[in-house]
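> For reference, the sequence and a predicted model appear below.
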Amino acid sequence: MKGFKVFNPDFSCKGMIFEENKTFEVSLPISICSHGLHFCTKASHCFSYYGFDPNNIVCEVEAIGEVQTHNEDSKVCTNILKIGKRLTWAEVLVFANEGKNNTGHSNSGDRNSGDSNSGYSNSGDRNSGNWNSGYSNSGYRNSGDSNSGDRNSGDSNSGDRNSGNWNSGYRNSGDSNSGYRNSGAFCLDENPKLVLFDNLTDINVRDWENSEAVRTMNELLETTIWVESSNMTAEEKEKWPKHETTGGYLKVKSMHEAWSDMWGNLNAKKRKLFLDLPNFDAGKFAKITGIKVL
């Protein structure tokens, strides 16, 4: 059985010193994660146990003794291990990624500089779309986090071209909008009054951005969730076969699902932050969030 093994810069691993093109042996019986010589059949899995550091040494290896395999990844344990060719870092990048020109690892697309991306030209982690510079985006050209739409520069948007947060509509620059172009046009005011539930308030936008309600949404409102392969159902694994490379998949929630999950974890005091907002309208709140209140 062949694979890859990572060593410290001095060619050591777990107190042993290794060398290229030599064979090493330990006593039987072996026990994976306990006693034996370990490696991974997939290069990307090695970096679950070692940092993705070009100063570390990576070699091709081959088990020529007894072997035991790991249940959750490609980790293998053996009593006799042949250390083969030492890889250049450029070769490591090729083996650790399915795509091309990636500087991270576990990428199945091309030109990614983060980790576990299945799209193209992402500089963050766990993006399944293209040209994202944030994290956990499933759309395209997003510079924020957890966006499932396209060209969003805020966070947790499920629509397109939003520059604010938690918008499920289009081209909104505020927060939690499900309509279209809600911030107006050709405006120069750097701290305008906030519109809530389609009516003007006495709250300035900057005060709103620093409010406890916004802090609560920042901390708890998530429109995506990363599901590890070990927690995926058989149906999810069939639908997302690349989970074997990425280690899981990005599950995208609807805005109603995201709000439902958050609302269920809020105590009465936290819920009151939203129910006491100026101009509160239960009907509009329910349409946007899916939360029905009396």
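That came in fine, so what should we check first?
> which stretches of this protein form helices?
Using DSSP state H, the helices found in the chain span residues 43-46, 89-96, 205-209, 212-220, 234-239, 243-246, 255-263, 268-275, 282-289.
> So which of these is the most surrounded?
Highest mean neighbour count of these: helix 43-46, a mean of 25 (counted as mean count of other CB atoms under 10 Å). C-beta here means a position set from N, CA and C on the backbone, and glycine is covered the same way.
> Show me what that one is packed against.
With contacts defined as 3 or more CB pairs under 8 Å, 6 or more residues apart in numbering; DSSP states H and E, helix 43-46 has these neighbours: strand 2-7, helix 89-96.
> how does the chain divide into domains?
Following automatic domain parsing, the chain resolves into domains at 2-95, 155-294.
> Contacts only, for residue 280.
Taking CB atoms under 8 Å, 6 or more residues apart in numbering, we find residue 280 in contact with 196-197, 274.
> if you set the cut-off to 10 Å instead, what comes out?
196-197, 274, 293 (CB atoms under 10 Å, 6 or more residues apart in numbering).
> gap between it and residue 205?
18 Å (CB to CB, to the nearest Å).
> What are the buried residues along stretch 54-66?
56-61, 63, 65 (16 or more other CB atoms under 10 Å).
> now stretch 26-41
Residues of stretch 26-41 classed as buried: 30, 32, 36-41 (neighbour count, 16+ other CB under 10 Å).
> Quick one: end-to-end distance for that stretch.
One end of stretch 26-41 to the other measures 20 Å (CA to CA, to the nearest Å).
> swap in stretch 270-284?
So stretch 270-284: terminal residues 19 Å apart, CA to CA.
> same check, this time on stretch 265-281
22 Å.
> From the chain's centre, how far out is that stretch? Work that out for me.
Relative to its chain's centre, stretch 265-281 lies at 30 Å (CA atoms, centre = their mean, to the nearest Å).
> what mean pLDDT does that stretch have?
The average pLDDT within stretch 265-281 is 96.
> Report all helices and strands that the worst-scoring helix or strand of the chain on mean pLDDT contacts.
Lowest by mean pLDDT, DSSP states H and E among the helices and strands of the chain is helix 243-246, with a mean of 76. Here helix 243-246 touches helix 43-46, strand 224-228, helix 234-239, going by 3 or more CB pairs under 10 Å, 6 or more residues apart in numbering; DSSP states H and E.
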